[in-house]
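Enquirer: Just the structure for this:
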Amino acid sequence: MDVVWFGLKVLAALVAAVVIYVLGARSIGNFSKSDPPPDPSEVPLEDVDYRYRCIVCGAQLVLFAAPEGDMPDAPRHCRESMVLVTPVE
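Expert: The predicted model follows:
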């Protein structure tokens, strides 16, 4: 009787190992199915001079290039949006 229980335990362990392997292989395989992000060099940029300051700690950031068109959203620092300190023309 002990041999039967041992055999069932081994069989259950093998089934569990195969199930875990199949689930892991499928989840890793899903990573390669998505399209890669677009190449950043394909987005047309224009020269800008936006200077931002964090209202919490005072850290500063300078943005020298931005996508053409509208002004980009302010970056975040210390979980708050930074404040634009240079005038926009």
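Enquirer: Can you report how many residues neighbour residue 61?
Expert: Residues near residue 61, counting by other C-beta atoms under 10 Å, number 14. For the C-beta atoms, the positions are set from N, CA and C on the backbone; glycine is no exception.
Enquirer: and if you look at residue 81?
Expert: Residue 81 has 14 nearby residues by other C-beta under 10 Å.
Enquirer: Residue 86 now?
Expert: If we define neighbours as other C-beta under 10 Å, then residue 86 has 13 of them.
Enquirer: next one: residue 42
Expert: Neighbours around residue 42, by other C-beta under 10 Å: 6.
Enquirer: phi, psi of it?
Expert: phi -80, psi -20 (degrees, to the nearest 10).
Enquirer: and the gap between it and residue 36?
Expert: Distance from residue 42 to residue 36, counting by C-beta to C-beta, to the nearest Å: 12 Å.
Enquirer: So which residue is smack in the middle of the chain?
Expert: residue 37 (11.1 Å; C-alpha atoms, centre = their mean).
Enquirer: Just confirm that residue is within a helix.
Expert: No: using DSSP: H, G, I helix; E, B strand; the rest coil, the assignment for residue 37 is coil, not a helix.
Enquirer: Strands along this protein, start to end?
Expert: Along the chain, counting by DSSP state E, strands occupy 45-53, 60-67, 76-77, 80-81, 83-84.
Enquirer: Adding mean pLDDT and distance to residue 30, write those strands out as TSV.
Expert: Below are these laid out as TSV (pLDDT from 0 to 100; distance: least, C-beta to C-beta, whole Å):
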stretch	mean pLDDT	distance to residue 30
strand 45-53	89	33
strand 60-67	88	30
strand 76-77	90	30
strand 80-81	90	34
strand 83-84	91	40
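Enquirer: right, so of these, which gets closest to residue 15?
Expert: Nearest to residue 15 among the strands of the chain is strand 76-77 (48.0 Å), distances taken as C-beta to C-beta.
Enquirer: For the closest one, which strands pair with it and how are they oriented?
Expert: The pairing partners recorded for strand 76-77 under DSSP bridges are strand 80-81 (antiparallel).
Enquirer: Need the residues that contact the partner strand.
Expert: Here strand 80-81 makes contact (C-beta atoms under 8 Å, 6 or more residues apart in numbering) with 54, 55, 56, 73, 74, 75.
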